[in-house]
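*Asks:* no sequence on hand, only this structure:
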RNA sequence: GGCCCCAUCGUCUAGCCCGGUCUAGGACGUCAGGUUCUCAUCCUGAAAACUGGGGUUCGAAUCCCCAUGGGGUCACCA
């Protein structure tokens, strides 16, 4: 067997949905730390809550990680784009906790029970509820009173009970002692004796509880550094107590600051429902009839929509339908949301890594180094520069990073990625622009207008028009075609005649011709360009005309101009 | 409420560990100009912060204490 890597980190999501953006940062930091120390990054799926876990979620999370470029050296295997991620080189799997019950958790449970360090508890729900009520009435903290411990004092009887199959949970016998540890991020943390009570380590259904499974697995998998979000800080004493009970050496712990929305609330899937609900309510405020028509417009069940509106459900289906109908973007909270919105993995990782960490380096012109890739992280990441303060997730800054990343791509790369994104999320565009050359022109036209791929698709909307299927913006037509004694229309006559002579019909040639026209007529580029825009797109906004017209094509361009002339010439 | 963690521009942060070089730097956003065939990009500039109070010290954003504020956590979820 090969020697064990010096550092082994892990990311241990529970498969209850897509990868949360905060989880992505945790994974990224764990990955970067392992890489920095030439160690392994391990992925473990914590699916001990069978009711909420699903294999699709696990697969989705793995795909999200892979898309971000965060690849695990050990863990479940995933085939993506022709390669395989994961595996079990040290033989420490399986990596799904639900598959480790008999082999790993149960023996550890019995070991503790036999040593008197854990015991079966048979309290009824009523008994426990009464104890909790007593504690809250007395304004005291609830601590399990160890009733079951005294009910069955003899260890042999406890083992007999467990083996009998009679319903029970297993509780950890928590020693009355101080627990302290040095957190790699926060520093020394001290917890007084009595703070950790006899928490449950195995449920009635035989599945292990989180704190117990984590300890068994982190030890069994040889994890050297546990890095996770600060919400887990208060779990650490429980886990350390367990390590002590087993006689295992705990790993190093590092707790990272949390990430919130700009308004300080937690980033959660429900944000989407909240946002969609507000949007719909705002629309209803403007048009009261919408309230009754909403379900019909959204093509959804009326009761479902009604309940959604009143806040009785947070249906993601309703939220998505509202977003689609009003053409609004829902707040992104999962990696898949960002992907769908047209964000690129590199700027996401870059931005994420700056939430609670920074390299502390300067660029050549003396500014703080902010832009870097995962390879840089793998080389320079360190726990000592992780901050301690919670961060707010500023989507505006992420957007700026994404825009910069797109701007920095060369044209073929952008063309490739833009096509891939469109094919998955907005297939109408590649379906319409099938010619490779025109796709390249389209990409050139759209690239610097695209802060996200979705922006790019919006900027490319002109390419989707059919030659007689769009309306002319009346105000734009008045100003650019009819004003000043039909100056625009007269220009279009000339434009049409000259464009007919352009061959090949390519951006550069078109551009040169339009400039000549602007000069010769004295109309200026604006005087030439705007009438054309109105004619071929119906509005005054489009990418530069060379690319725009080339993408539309000679035949369509001329057809559109003639249609426009016919429409406005009286 | 108990326990625990945290505290620099609106936001992410540099500086803090090893007090002086900080009239506190950068980035995003905002505002004002400029370039441009529209939109967008791009360029230039501006406004914008050390939570408060005590201490230690010749000197504190930097060290200590208190207050205040924010956050996490108290499940047969993870």
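*Replies:* Great, that's in hand. Here the structure is a predicted model, which means the values were calculated and not measured. Residues are numbered from 1 along each chain as shown, chains lettered A, B, ... in the order given.
*Asks:* tell me where chain A has strands.
*Replies:* Counting by DSSP state E, one finds strands in chain A at the ranges A:8-11, A:40-43, A:75-80, A:83-87, A:118-121, A:169-172, A:179-183, A:187-191, A:200-202, A:225-229, A:252-256, A:259-260, A:391-392.
*Asks:* turn these into TSV, columns for mean neighbour count.
*Replies:* Every C-beta, even on glycine, is put in place using the N, C-alpha and C of the backbone. As requested, the strands of chain A are exported to TSV (neighbours: other CB atoms under 10 Å):
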stretch	mean neighbour count
strand A:8-11	26
strand A:40-43	26
strand A:75-80	17
strand A:83-87	14
strand A:118-121	24
strand A:169-172	23
strand A:179-183	15
strand A:187-191	12
strand A:200-202	23
strand A:225-229	21
strand A:252-256	22
strand A:259-260	18
strand A:391-392	16
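*Asks:* possible to save the ones you listed as a markdown table with mean pLDDT?
*Replies:* Below are these laid out as a markdown table (pLDDT from 0 to 100):
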| stretch | mean pLDDT |
| --- | --- |
| strand A:8-11 | 98 |
| strand A:40-43 | 98 |
| strand A:75-80 | 96 |
| strand A:83-87 | 96 |
| strand A:118-121 | 96 |
| strand A:169-172 | 97 |
| strand A:179-183 | 94 |
| strand A:187-191 | 92 |
| strand A:200-202 | 97 |
| strand A:225-229 | 98 |
| strand A:252-256 | 97 |
| strand A:259-260 | 97 |
| strand A:391-392 | 97 |
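*Asks:* give me the pLDDT for residue A:2.
*Replies:* Here the pLDDT value assigned to residue A:2 is 62.
*Asks:* could you do residue A:140 as well?
*Replies:* Here the pLDDT value assigned to residue A:140 is 84.
*Asks:* ok, now how distant is it from residue A:132?
*Replies:* To residue A:132, residue A:140 is 11 Å away according to CB to CB, to the nearest Å.
*Asks:* what does residue A:294 give?
*Replies:* 43 Å.
*Asks:* these two: who's more crowded?
*Replies:* residue A:294 (22 against 12; other CB atoms under 10 Å).
*Asks:* quick one: contacts for the nearest residue to the more buried one once chain neighbours are set aside?
*Replies:* Nearest non-adjacent residue to residue A:294, counting by CB to CB, 6 or more residues apart in numbering: residue A:305, 5.4 Å away. With contact set as CB atoms under 8 Å, 6 or more residues apart in numbering, residue A:305 has these partners: A:294, A:295, A:298, A:318.
*Asks:* and those residues, which are buried?
*Replies:* The neighbour count (16 or more other CB atoms under 10 Å) marks A:294, A:295, A:298, A:318 as buried among the contacts of residue A:305.
*Asks:* let me see the contact set for residue A:404.
*Replies:* A:347, A:371.
*Asks:* the one 5 residues further on too?
*Replies:* Residue A:409 sits next to A:417, A:447 when contact means CB under 8 Å, 6+ apart.
*Asks:* try it again at 6 Å.
*Replies:* Applying CB atoms under 6 Å, 6 or more residues apart in numbering to residue A:409 gives no contacts.
*Asks:* also residue A:172?
*Replies:* Counted by CB under 6 Å, 6+ apart, residue A:172 has contacts A:118, A:198, A:199, A:201.
*Asks:* 10 Å instead, please
*Replies:* A:109, A:112, A:117-119, A:144, A:196-202, A:209, A:211-212, A:238, A:241-242, A:245 (CB atoms under 10 Å, 6 or more residues apart in numbering).
*Asks:* in ChimeraX, select just the buried ones from these.
*Replies:* Typed into ChimeraX, the line below selects the buried ones among these, using 16+ other CB under 10 Å:
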select /A:109,112,117,118,119,144,196,198,199,200,201,202,209,211,212,238,241,242,245
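*Asks:* from the contacts of residue A:172, which are also near RNA strand B?
*Replies:* A:200, A:209, A:211 (CB under 7 Å from any atom of the strand).
*Asks:* flag every residue of the stretch 301-450 of chain A that's near RNA strand B.
*Replies:* A:354-356, A:358, A:360, A:366-368, A:370, A:385, A:387-392, A:394, A:396-397, A:399-400, A:403-404, A:407, A:448-449.
*Asks:* out of those, which sit inside helices?
*Replies:* Using DSSP state H, the members of those that fall in helices are A:396, A:397, A:399, A:400, A:403, A:404, A:407.
*Asks:* narrow these to those that are buried.
*Replies:* Buried among these by 16+ other CB under 10 Å: A:399, A:403.
*Asks:* how about the ones in helices among the residues of the stretch 301-450 of chain A next to RNA strand B in JSON lines, adding pLDDT?
*Replies:* Shown next, in JSON lines, are these (pLDDT from 0 to 100):
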{"residue": "A:396", "pLDDT": "97"}
{"residue": "A:397", "pLDDT": "97"}
{"residue": "A:399", "pLDDT": "98"}
{"residue": "A:400", "pLDDT": "98"}
{"residue": "A:403", "pLDDT": "98"}
{"residue": "A:404", "pLDDT": "97"}
{"residue": "A:407", "pLDDT": "96"}
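*Asks:* can you tell me which of the contacts of residue A:172 are in helices?
*Replies:* Filtering the contacts of residue A:172 for helices - DSSP H - leaves A:109, A:112, A:211, A:212, A:238, A:241, A:242, A:245.
*Asks:* out of those residues, who's nearest RNA strand B?
*Replies:* The nearest member of these to RNA strand B, counting by CB to the nearest atom of the strand, is residue A:211 at 6.5 Å.
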